[in-house]
Every structure is written in structure tokens, then in C-alpha cells.
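Trainee: below are the sequence and a predicted model for it; my questions follow.
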Amino acid sequence: MKNLTTLKNMRDVINPATGEVVGAVPAGNEEDVRAAVDLASGAFGQWSLLPPGERGKILFKGAYFVREKLGDLAALLTSEQGKPLGEAKNEIMGFANVLEYYSSISGTIHGDAFPKTGYGYSFTTKTPLGVCGAIIPWNMPALIMAWKIGPALTAGNTMVLKPATTTPLTNLALADILVKAGLPEGVLNIVTGSGEVVGEEIVRHPEIKKISFTGAVETGKHIAALASGELKRVTLELGGSDPMIVCKDADIEKAVAGALNGRFYNCGQTCTAVKRLYLSSAISDEFIKLLTHRVSALKIGNGFQKGVNIGPLHSSAGRDEISGLVRDALLNYDCTLLSGGKIPDGNEYKNGFFYEPTVLTDVPDDCPLVNREVFGPVLPVMVFDTLNEAIEMANRTEYGLGASVWTKDLTTAASACEALDAGIVWVNQHLKIPPDLPFGGEKASGVGRENGYRALDRYLKEKTILVAL
Ligand code: NAP
Ligand code: MG
């Protein structure tokens with residue numbers, strides 16, 4: 001795979017646990033995007049004419065090669081993103097899983113045939129769109145890359161992808177492996193550089209037929225507005241503020257483990273993290289006691305260290321934001337701190353962007369900890385008396401990505417599933433996003449869905465053909 005960007009301006013990639021430079025990539029510009037689009041256009045003809053099953057085989061082999069390099073890729077991801085090595089391994093395996101899934105359904109792409117009528121014979125064809133653009137964030141760079149390239153390439157499109165400025169290395173390494181597995185040059189083109197320069201040129205370029213974006217709500221709105229000039233297809237996977245509702249009959253042990261993993265995985269920087277915890281007043285005291293005990297046992301540190309559960313935040317700006325939100329909650333909203341609430345002491349933390357896993361209660365509705373998306377290891381806990389009250393609070397947000405309800409009662413679960421305004425609702429679990437199920441948000445959390453077999457349709461155009469004989 002060619003790295004298309006000019007080698008003049010390089011930008012360092014930093015390890016968020018140590019502040020050390022772990023690599024450097026070119027800061028690309030508009031010209032680099034245009035060159036990448038030309039390559040992608042050139043590769044489109046041949047790639048789109050391959051039988052879909054042949055494309056699937058290449059992706060499958062790519063996934064196999066990725067699994068073979070699991071250790072190296074996970075280490076690269078930890079070094080630039082900060083997450084614990086075990087989580088990085090999970091994410092790289094997630095990348096392979098997504099490619100294998102799309103490979104497994106590659107042969108299913110087809111149009112429809114209709115009964116002969118007075119119009120004659122009629123049928124539809126489905127063909128790829130052409131060159132597609134993808135713009136991805138830093139929190140799960142490998143997995144989100146797979147969510148874009150899996151369906152786009154399987155459907156026969158070629159792609160220009162922009163990684164986040166701070167996590168380009170894993171994306172570049174994965175793209176190289178796919179080329180080694182047989183992906184023809186020009187099918188997948190990575191252009192490193194900033195959102196304002198490289199990202200906007202991808203959105204504006206007239207040859208790019210579809211934009212698939214994952215990132216913040218404000219960026220998504222800006223991209224949708226820019227893309228409307230060319231009436232491009234747009235998929236937006238944006239932020240979330242997922243509620244987790246624990247009913248009085250829930251399995252408390254399981255729910256505590258779910259809240260812990262749901263909030264603190266990836267140092268709280270997951271779109272579908274548990275960002276608000278609602279506990280039934282019948283079990284709240286017991287739950288909070290167990291939860292704070294478990295939270296204080298979490299091990300903070302460099303993701304390469306054995307036993308570490310919480311790595312650093314990804315950036316110093318991210319950490320400043322989190323510590324500011326906690327300070328504001330304690331000073332101006334009278335919240336009660338149950339655990340954490342500060343930068344950890346100790347020499348090993350001084351060069352990284354660490355923050356203690358934090359739990360607060362007595363958090364009022366208007367506190368930014370509940371009415372904004374909080375992208376870090378901070379969990380606000382609220383108490384409710386009735387399920388209706390919990391659902392009303394859970395839905396009182398501009399977001400609608402995920403939500404979970406924890407109960408042993410089927411009727412309670414069913415009514416919560418219906419009433420929660422979210423793109424995905426879990427019962428007795430949170431966070432799981434399998435490649436074969438549709439994923440995406442309602443309200444400010446996005447437009448469209450990724451994953452599942454229907455994601456292929458979002459990278460295909462349908463033509464209706466009527467034949468009179
Ligand atoms: P972000 O600032 O929107 O950045 C995401 C990507 O967009 C980066 O590659 C960024 O480039 C690029 N970008 C920034 N401004 C742009 C512009 N004007 N035009 C084109 N591209 C532009 O998001 P973030 O803060 O890094 O990521 C965290 C957000 O992503 C959270 O809100 C999180 O919930 C959301 N997220 C959603 C999902 C989901 O599937 N729903 C999954 C994961 C994350 P730079 O390199 O310059 O930053
Ligand atoms: Mg940003």
C-alpha cells in the first residue's frame with residue numbers, strides 16, 4: 001500500500017501513557033486526497049467487476065493475516081491509543097471478526113426479480129457506488145475502520161480513509177496487511193492528516209459518492225452540511241450518553257460487573273459506554289457499596305503493564321475536560337464523590353494523561369455529568385422509585401445510541417425495550433456490538449446504521465429495469 005502523503009510535514013504520534021513519541025506520519029493536504037481519489041477511481045473498475053465472493057476471499061485472508069500479527073498490532077494500538085493490551089487485542093480481533101463476517105456474506109449480494117406483469121419483466125440490479133470516503137476517530141480506530149471497509153469493499157467500492165490524527169499507525173499497519181493478503185493497490189487508500197484539511201477535502205471531493213463518518217456530534221453536523229452540497233450519501237455514527245437501568249430484581253453481582261465494564265472499558269472513551277447509571281432505590285445502597293469497592297480495586301497504569309484495567313485518557317485535553325467536569329459537579333452541583341475524582345499520585349503517572357476511575361452520586365439533572373456526553377472514566381449514579389420514572393430520566397437526553405435494562409422479569413424488560421429511545425437496547429448486558437447486528441443511533445447519535453447484512457445496501461445503488469417484450 002502506498003502512503004500517498006508528501007513526506008515534507010511529519011506529525012508525531014504520542015504514547016498517552018508516557019508522552020513518548022512512538023511514530024510520525026505525514027500531515028496530508030488536499031492534494032494528497034485528490035491523488036488518493038484518483039488511485040481509488042483507477043482501481044474501481046477491476047475491483048467492482050470481481051465476483052463478490054472473490055472480494056470476500058481477499059478480506060478473509062486479510063483477517064487471517066491480522067490474527068497472525070495480533071500481538072504486534074495490539075502493541076501498536078496500545079502505544080498510540082493508550083488502552084490496556086488485553087483490550088487492544090480484543091479490538092484487533094474485532095477488526096478480523098468484522099472482515100470475516102462480511103467475507104462470509106459476500107456471495108449474497110443480489111437484486112430482486114418480480115413477477116411478469118403488464119409492464120413486462122422487471123428486476124433490480126445492485127452495483128457499487130464508486131469511491132467512498134471514511135473518517136474515523138481515535139477511540140476504537142481498528143474496529144471502526146473495519147465497520148467502514150468491511151461492507152464498502154465487499155460491495156465492490158474503493159475507499160479513501162482518514163484516520164484520527166492521533167491514532168494513524170494501527171490503521172496504516174492494517175491497510176498494509178490487507179495489501180499483503182491480495183487487496184489490489186488503490187482499493188483502500190489511507191490519507192493521514194487533520195480533519196479540517198484532509199477530512200473536509202474527502203467530504204467535498206465530487207468523485208467521492210458516500211461519506212461514512214464516526215466521531216463527535218458537532219463534526220457530524222458540519223460534515224452533513226458540507227456533503228449536502230453534492231447530495232452525497234452520508235452515514236453518521238456520533239456520540240452517546242447511554243443509560244443503564246438496574247431494576248430491583250436484577251442480578252446485582254452481574255449488574256455491578258456490567259456497570260464496571262460498561263463505564264470503564266477503554267478508560268470510559270467508548271461511544272456506547274454506560275454514561276448514566278440509574279438504580280432502583282430498593283437495591284441502590286447495596287449496589288453502590290459493591291460498585292465503589294470494585295472501582296477502587298481497579299488498577300490504573302500503562303496499558304503494557306500486567307493487570308492494568310485503566311489506561312490513560314487519550315489526550316491531555318480529554319483529561320482536562322474530565323477533571324473540569326468533576327470539579328464543577330462537586331463545586332456547583334453538590335454531588336457526592338464516592339470514589340476517585342483526581343489525577344492519581346505517583347511518579348509512574350506523571351508523564352501520562354491518567355485520571356482515577358470516578359463514581360459520584362446525588363447528581364442533579366442539570367449537571368453536565370448527566371446532560372452531556374462524558375468521554376472518560378466518570379460514572380454518575382442516580383436513584384429511581386418506578387420504572388417509568390427511570391425511563392423518563394433515561395430518555396431525557398439529546399442522544400439515542402444505546403441503553404440497557406437489568407432485570408429478571410420479562411415484562412419489565414419488554415416494556416423498557418419498547419420505551420427506551422435508542423438504536424440498541426441490551427437486556428442484562430451492555431456494550432456488546434456484534435458485526436452481524438445493525439448498529440447506530442437515534443436523535444443526535446446519528447443517521448443510518450452500520451454492521452449487519454443490510455450495511456452492504458448502504459454501499460450499493462439499486463436500479464430498476466423494466467423489459468417489455
Ligand atoms: P471528532 O473530533 O469528531 O473526530 C473524528 C474524526 O473526524 C477525526 O478523524 C477528525 O480528525 C475528523 N474531523 C474533525 N473535524 C473534521 C472536519 N471539519 N471535517 C472532516 N473531518 C473532521 O471526534 P473525536 O472527539 O475524536 O471522537 C470522539 C467522538 O466519537 C465521541 O463523541 C464518540 O461518542 C464518538 N464515537 C461514536 C461512535 C459510534 O459508532 N456512534 C463510535 C466511536 C466514537 P482529527 O484527526 O483532526 O481529529
Ligand atoms: Mg475532536
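Mentor: Happy to help now that I have it. Ligands and ions are numbered 1, 2, ... in the order given.

Trainee: what's stretch 387-394 in contact with?
Mentor: 243, 245, 247, 276, 278, 280, 365, 382, 384, 403, 412, 415-416, 419-420 (C-beta atoms under 8 Å, 6 or more residues apart in numbering). Backbone N, C-alpha and C define where each C-beta goes, glycine included.

Trainee: what are the buried residues along that stretch?
Mentor: 387, 390-391, 393-394 (16 or more other C-beta atoms under 10 Å).

Trainee: pLDDT below threshold where in this protein?
Mentor: Applying pLDDT under 70 to the chain flags the ranges 1-8.

Trainee: can you tell me how far the residue nearest to residue 454 when sequence neighbours are not counted sits from ligand 1?
Mentor: Nearest-residue entry for residue 454: residue 438, 6.4 Å, with adjacent residues in sequence omitted and distances by C-beta to C-beta, 6 or more residues apart in numbering. From residue 438 over to ligand 1 the distance is 12 Å, taken as C-beta to the nearest ligand atom, to the nearest Å.

Trainee: please report phi then psi for residue 438.
Mentor: Residue 438 has phi and psi values of phi -60, psi 140 when expressed as degrees, to the nearest 10.

Trainee: which residues in the stretch 201-350 of the chain form helices?
Mentor: Counting by DSSP state H, counting those that start in this stretch, the stretch 201-350 of the chain has these helices, from start to end: 217-228, 252-264, 284-296, 316-332.

Trainee: could the ones you listed go into a markdown table alongside mean neighbour count and distance to ligand 1?
Mentor: A markdown table is the format used below for the helices of the stretch 201-350 of the chain (neighbours: other C-beta atoms under 10 Å; distance: least, C-beta to the nearest ligand atom, whole Å):
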| stretch | mean neighbour count | distance to ligand 1 |
| --- | --- | --- |
| helix 217-228 | 16 | 3 |
| helix 252-264 | 21 | 14 |
| helix 284-296 | 17 | 22 |
| helix 316-332 | 16 | 8 |
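
Trainee: those: which one's closest to residue 173?
Mentor: Closest approach to residue 173 among those (C-beta to C-beta): helix 316-332, 23.7 Å.

Trainee: what packs against the closest one?
Mentor: Helix 316-332 sits against strand 358-361, helix 368-371, strand 378-384, with contacts defined as 3 or more C-beta pairs under 8 Å, 6 or more residues apart in numbering; DSSP states H and E.

Trainee: reformat these as JSON lines; add mean neighbour count and distance to ligand 1.
Mentor: As requested, the helices and strands packed on helix 316-332 are exported to JSON lines (neighbours: other C-beta under 10 Å; distance: least, C-beta to the nearest ligand atom, whole Å):
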{"stretch": "strand 358-361", "mean neighbour count": "24", "distance to ligand 1": "19"}
{"stretch": "helix 368-371", "mean neighbour count": "20", "distance to ligand 1": "15"}
{"stretch": "strand 378-384", "mean neighbour count": "23", "distance to ligand 1": "14"}
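
Trainee: dump those into JSON lines; add distance to residue 239 as well.
Mentor: Below are the helices and strands packed on helix 316-332 laid out as JSON lines (distance: least, C-beta to C-beta, whole Å):
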{"stretch": "strand 358-361", "distance to residue 239": "20"}
{"stretch": "helix 368-371", "distance to residue 239": "13"}
{"stretch": "strand 378-384", "distance to residue 239": "15"}
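
Trainee: which among the helices of the stretch 201-350 of the chain is found nearest to residue 443?
Mentor: helix 217-228 (9.7 Å).

Trainee: the closest one - contacts with which helices or strands?
Mentor: helix 200-204, strand 208-214, strand 233-237.

Trainee: quick check: which element contains residue 94?
Mentor: helix 85-104 (DSSP states H and E).

Trainee: oh, that last question was meant for residue 151, not what I typed.
Mentor: For residue 151, the host element (DSSP H and E) is helix 141-154.

Trainee: partner strands of the helix or strand following that helix and their direction?
Mentor: Sequence-wise, the next helix or strand beyond helix 141-154 is strand 158-162, with elements assigned using DSSP H and E. Strand pairing for strand 158-162, using DSSP bridges, gives strand 131-135 (parallel), strand 188-190 (parallel).

Trainee: show residues contacting the helix or strand harbouring residue 65.
Mentor: Here residue 65, judged by DSSP H and E, is contained in helix 52-68. By C-beta under 8 Å, 6+ apart, the surrounding residues in contact with helix 52-68 are 47, 73, 92-93, 95-97, 99-100, 102-107, 109, 150, 153-156, 174, 177-178, 180-183.

Trainee: just the buried residues of these.
Mentor: The neighbour count (16+ other C-beta under 10 Å) marks 47, 73, 92-93, 95-97, 99-100, 102-106, 109, 150, 153-156, 174, 177-178, 181, 183 as buried among these.

Trainee: which of the residues in stretch 231-245 are buried?
Mentor: Taking 16+ other C-beta under 10 Å as the criterion, stretch 231-245 shows 232-245 as buried.

Trainee: between the two ends of it, how far is it?
Mentor: 40 Å (C-alpha to C-alpha, to the nearest Å).

Trainee: now the buried residues of stretch 387-394 as JSON lines including distance to ligand 1?
Mentor: JSON lines is the format used below for the buried residues of stretch 387-394 (distance: C-beta to the nearest ligand atom, whole Å):
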{"residue": "387", "distance to ligand 1": "26"}
{"residue": "390", "distance to ligand 1": "23"}
{"residue": "391", "distance to ligand 1": "22"}
{"residue": "393", "distance to ligand 1": "20"}
{"residue": "394", "distance to ligand 1": "17"}
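
Trainee: which parts of this structure sit against ligand 1?
Mentor: Counting by C-beta under 6 Å from any ligand atom, the chain comes close to ligand 1 at 135-140, 144, 162, 164-165, 194-196, 199-200, 203, 214-216, 219, 222-223, 237-240, 271, 373, 375, 401, 441, 446.

Trainee: need the buried ones from the residues you listed selected in PyMOL.
Mentor: One line in PyMOL is enough to select the buried members of those, burial here meaning 16+ other C-beta under 10 Å:
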select buried, resi 135+136+137+138+139+140+144+162+164+165+195+199+200+203+214+215+216+219+222+223+237+238+239+240+271+373+375+401+441+446
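
Trainee: put the alpha carbons of the helix holding residue 65 into CSV.
Mentor: Extracted in CSV, the C-alpha atoms of helix 52-68 (Å, rounded to 0.1, in the frame of the first residue of the first chain):
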residue,chain,number,x,y,z
PRO,A,52,-18.2,-10.5,-4.7
GLY,A,53,-17.1,-13.9,-3.4
GLU,A,54,-13.6,-13.3,-4.7
ARG,A,55,-13.5,-9.9,-2.9
GLY,A,56,-14.7,-11.7,0.2
LYS,A,57,-11.8,-14.2,-0.1
ILE,A,58,-9.3,-11.4,0.0
LEU,A,59,-10.8,-9.9,3.1
PHE,A,60,-10.9,-13.3,4.7
LYS,A,61,-7.2,-13.8,4.0
GLY,A,62,-6.6,-10.3,5.3
ALA,A,63,-8.4,-11.2,8.6
TYR,A,64,-6.2,-14.3,8.9
PHE,A,65,-3.0,-12.3,8.4
VAL,A,66,-4.3,-9.8,11.0
ARG,A,67,-4.9,-12.6,13.5
GLU,A,68,-1.3,-13.9,12.9
